[in-house]
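Engineer: Quick check, what structure comes out for this input:
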Amino acid sequence: MADKKKRRRADPDSEDEDSVGHGAQPFKKRLKSDNVILSGLRKLTESLQSNNTDQKTLTLSDLDLSFNCREVADLNLSSVQDAVERLIIRVTQSILSGSGFSFDVPARGNANQLYIPELDRIVLKDKTSIRPYANVSTVRKTTITARILQLVHQLCLKNIHVTKRDLFYTDVKLFQDQSQSDTVLDDVSCMLGCTRSSLNVVAAEKGIVVGRIIFSDNGDMIDCTKMGMGGKAIPPNIDRVGDMQSDALFILLVEKDAAYMRLAEDRFYNRFPCIIITAKGQPDVATRLFLKKMKTELKLPVLALVDSDPYGLKILSVYGCGSKNMSYDSANLTTPDIKWLGIRPSDLDKYKIPEQCRLPMTEQDIKTGKDLLEEDFVKKNPGWVEELSLMVKTKQKAEIQALSSFGFQYLSEVYLPLKLQQEDWL
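Structural biologist: All right, here's what the predicted structure looks like:
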C-alpha cells in the first residue's frame, strides 16, 4: 500500500506577502510598528523646522534678473479703492483730451511667463498690451474691464465680499459667460497690483480640511479633529483665518474627494498625526492659500497623494510651482518643496496593481505627459522625469482608487503607512 503523503496545513503567518489573491493585502507584513514609522516622521519634521530657521526665503528682488517681473501684493480696501480711482482719472483725462481711452493690461500669455529655478515657481514678466475701446476686436473686452472696475469700486465702498458667480450675475448680458468675467477679474487684479482676494471677490467654498489643526475662522475657533468625516470647508476669504495650532507631523495633500473621505473616515490623522487637505480636483485659490499658510506658519512637510496620470502631476505642480493663469500671484499661491508620495507610475508594478485596475492612456494623455517632460519645473527633479517617462513608455495610468482592489482600507492601512515607513517620496 502506497504511503500517504502528509498534507501540510498552510501557515497564515508564512503566506507569501507578495500574493494578490482574493482578500490578500500585499506587503502588509513588511509594516513595522507605528512607533517606528512615527519616529522617522518626527526626524523629517524636525529637520525641516531647523532648516527653516536658518534659511531666508528667496524673493524676486534677491535675484539679479535681466528682465522685470510683475508681482502683486495684498492691499487693504482703501488702497484698492485709490488704485481704481487713479486708473479711472487717467482714463477720464484721456477721453477729455480727445484721445479716447484704453487700458494698459499685463500680458498673461505663455510667452510672457517664465519658470525661475531659484524660486521654484512660475512668474509673470512685465510685458503689457493695449486694450483700446475704439477697436472692433477689443471694444467688448474693454467694456467688461470698465464694468469690473466699477463693481470692485462698489465692493470697496460697501466693504463686503461677493463670489465670482455673484459678480457674473450683475451683468449677464454683457459678460455672457462666467469665464469671461473671471478672466477680466484676473486682468484687473494684475493691473491694480493686488491679489484677487484684495478685491473682495472670492470663489465658492470648495476645499476641505480635517485632522490635527485648530484655527480661528472670523473669531470662531475650529478644531478639525471634531469635524466628522466631512471635515471643515476652507474659508474662501483667507484673511479671516488665523491662530493656527497643530501637533501634526506632516500635511497630506490629497487630489481626490474619494481618497480624502476614506482617510477621514478611517481617522488616519489619529494613527499618524497629520492634517489632510483636498480641493476635490483642480486646486482653487482658497485651498492654495490655506495650504501655503499652513506650511509657512506650522513649518510642516507637505506630502502629496495624486492619481498616477499626467493630470495628477499637473495638479501637484500647480500647488508647488503655480498656475500659468495666475502666475502674477505665484509668490502668494505656491507652496514650495511638496513631496510626491504617490500614486506614482512605478507603484503600479511595485504594489502589483492588477491589470484590470489600470487604464490605457489616451493620445491626449500621452501628449500631456510628453509636454510635461519639456517643462522646466519637471526637468529640475530627476525623480519626476523618471516617473513621467515610465508613464509615457508604458502608456498606463491609474487612479488612487485602484488600491481598493486589495480592500477598501488598503490605502490607509497598508499603502500610506508603508510609504511613510520607507520615506518613499520624491
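Engineer: Low-confidence ranges, the chain, go.
Structural biologist: Scanning the chain for pLDDT under 70 picks out 1-24, 53-55.
Engineer: quick one, what contacts residue 236?
Structural biologist: Taking Cβ atoms under 8 Å, 6 or more residues apart in numbering, we find residue 236 in contact with 161, 163, 202, 203, 204, 205, 286. (Each C-beta comes from the backbone N, C-alpha and C, glycine too.)
Engineer: which residue sits closest to it, ignoring its sequence neighbours?
Structural biologist: Of all residues not flanking residue 236 in the chain, residue 202 sits nearest, at 3.7 Å (Cβ to Cβ, 6 or more residues apart in numbering).
Engineer: thinking again about what came up before, format the contacts of residue 236 as CSV; extra columns: neighbour count and secondary structure.
Structural biologist: CSV is the format used below for those (neighbours: other Cβ atoms under 10 Å; DSSP: H, G, I helix; E, B strand; the rest coil):
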residue, neighbour count, secondary structure
161, 16, coil
163, 14, strand
202, 21, strand
203, 18, coil
204, 12, coil
205, 14, coil
286, 23, helix
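Engineer: The residue nearest to residue 236 touches residue 284, doesn't it?
Structural biologist: No. Counting by Cβ atoms under 8 Å, residue 202 does not reach residue 284; the two are 9.7 Å apart.
Engineer: so what's in contact with those two at the same time?
Structural biologist: In terms of Cβ under 8 Å, 6+ apart, residue 202 and residue 284 are not both contacted by any residue.
Engineer: all helices in the stretch 151-300 of the chain, in order from the N-terminus.
Structural biologist: 164-169, 172-175, 178-192, 257-265, 268-271, 285-298 (DSSP state H, counting those that start in this stretch).
Engineer: Please tabulate these in JSON lines and include distance to residue 317 as additional columns.
Structural biologist: Shown next, in JSON lines, are these (distance: least, Cβ to Cβ, whole Å):
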{"stretch": "helix 164-169", "distance to residue 317": "23"}
{"stretch": "helix 172-175", "distance to residue 317": "30"}
{"stretch": "helix 178-192", "distance to residue 317": "19"}
{"stretch": "helix 257-265", "distance to residue 317": "19"}
{"stretch": "helix 268-271", "distance to residue 317": "25"}
{"stretch": "helix 285-298", "distance to residue 317": "12"}
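Engineer: Of all those, which one is nearest residue 100?
Structural biologist: helix 178-192 (18.1 Å; Cβ to Cβ).
Engineer: For the closest one, name the packing helices and strands.
Structural biologist: Secondary structure elements in contact with helix 178-192, counted by 3 or more Cβ pairs under 8 Å, 6 or more residues apart in numbering; DSSP states H and E, are helix 77-96, strand 102-106, helix 139-158, helix 164-169.
Engineer: Tabulate the CA atom coordinates of it in CSV.
Structural biologist: Taking Å, rounded to 0.1, in the frame of the first residue of the first chain, the C-alpha atoms of helix 178-192 are listed here in CSV:
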residue,chain,number,x,y,z
GLN,A,178,-18.6,83.5,-16.4
SER,A,179,-15.2,82.5,-17.8
GLN,A,180,-15.1,86.0,-19.5
SER,A,181,-15.8,87.9,-16.3
ASP,A,182,-13.4,85.6,-14.4
THR,A,183,-10.6,86.3,-16.9
VAL,A,184,-11.0,90.1,-16.8
LEU,A,185,-11.2,89.9,-13.0
ASP,A,186,-7.6,88.5,-13.1
ASP,A,187,-6.6,91.2,-15.5
VAL,A,188,-7.9,93.9,-13.2
SER,A,189,-6.2,92.3,-10.2
CYS,A,190,-2.9,92.4,-12.1
MET,A,191,-3.5,95.9,-13.4
LEU,A,192,-4.1,97.2,-9.9
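Engineer: And what about the nearest residue to residue 103 once chain neighbours are set aside, helix, strand or coil?
Structural biologist: Among residues not flanking residue 103 along the chain, residue 131 sits closest, at 4.5 Å (Cβ to Cβ, 6+ apart). Following DSSP: H, G, I helix; E, B strand; the rest coil, we place residue 131 in the strand state.
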